[in-house]
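**Q** Predicted model follows, preceded by the sequence.
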Amino acid sequence: MARKSAGILLFRIKSEIEVFLVHPGGPFFAKKDLGSWSIPKGEFDHTETAIEAAKREFEEETGKVIEGEFIELKPITQKSGKVVYAWAVKGDIDAENIVSNTFEMVWPPNSGKMKEFPENDKGKWFTLYEAKIKINERQIPLLNELNTLI
């Protein structure tokens, strides 16, 4: 059975539609930008629904509780085969002040030393045009669908 993930595509309307994306933390993404950003999302199992997981993951990855009208988007499949369920929600948060949960890994490699990293090291608002350049390419359909709905 394919792994599954759920997330929130937060958007606001200024002079045009803007979306909130997060950049993964840790040493593997430290110098990566284009194609590395994502909607806040994470894995879930049978103990919660996809929408419950999406809300939980948003809070874990930003430190912010999200409320509003949740618009279900069509699921997408990442290169890994993971299915991502997503909801668009109109809202606004201070992208400069997100607080993400953390993970531990051995770093540097083969050192035997555990180091803690934020799951996401930053968040930022992007226009749809900018977001299509920054986001993981498999998540672009989420942006396209949002654009047709708004």
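**A** Ah, there it is.

**Q** can you give me the helices for the chain?
**A** Ranges of helices within the chain are 50-62, 128-134, 140-149, based on DSSP state H.

**Q** Pick the most buried one from those helices.
**A** Highest mean neighbour count among these (mean count of other CB atoms under 10 Å): helix 50-62, with a mean of 20. Glycine gets a C-beta too; all of them are placed from N, C-alpha and C.

**Q** For that helix, which outside residues touch it?
**A** 4-8, 10, 22, 40-44, 48, 64-66, 70, 72, 85-87, 93, 98-101, 119-120, 123 (CB atoms under 8 Å, 6 or more residues apart in numbering).

**Q** Dump it to CSV, restricted to CA.
**A** The C-alpha trace of helix 50-62 is given here as CSV (Å, rounded to 0.1, in the frame of the first residue of the first chain):
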residue,chain,number,x,y,z
ALA,A,50,-6.7,13.0,5.8
ILE,A,51,-8.2,16.4,6.7
GLU,A,52,-7.3,15.8,10.4
ALA,A,53,-3.8,15.0,9.4
ALA,A,54,-3.5,18.0,7.2
LYS,A,55,-4.5,20.3,10.0
ARG,A,56,-2.2,18.6,12.5
GLU,A,57,0.7,18.7,10.1
PHE,A,58,0.2,22.4,9.3
GLU,A,59,0.3,23.2,13.1
GLU,A,60,3.4,21.0,13.6
GLU,A,61,5.3,22.5,10.7
THR,A,62,4.3,26.2,11.3
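
**Q** Please compute how far it lies from its chain's middle.
**A** Between the centre of helix 50-62 and the centre of its host chain there is 10 Å, according to CA atoms, centre = their mean, to the nearest Å.

**Q** follow-up on the earlier one: out of the contacts of helix 50-62, which end up buried?
**A** Buried by 16 or more other CB atoms under 10 Å: 5-8, 10, 22, 40-42, 44, 64, 66, 70, 85-87, 93, 98, 100, 119-120, 123, out of the contacts of helix 50-62.

**Q** what about the helices of the chain, which gets the closest to residue 34?
**A** Among the helices of the chain, helix 128-134 comes nearest to residue 34, with 5.9 Å by CB to CB.

**Q** Bridged to residue 4, which residues?
**A** For residue 4, the beta-bridge partners are residue 83 (DSSP bridges).
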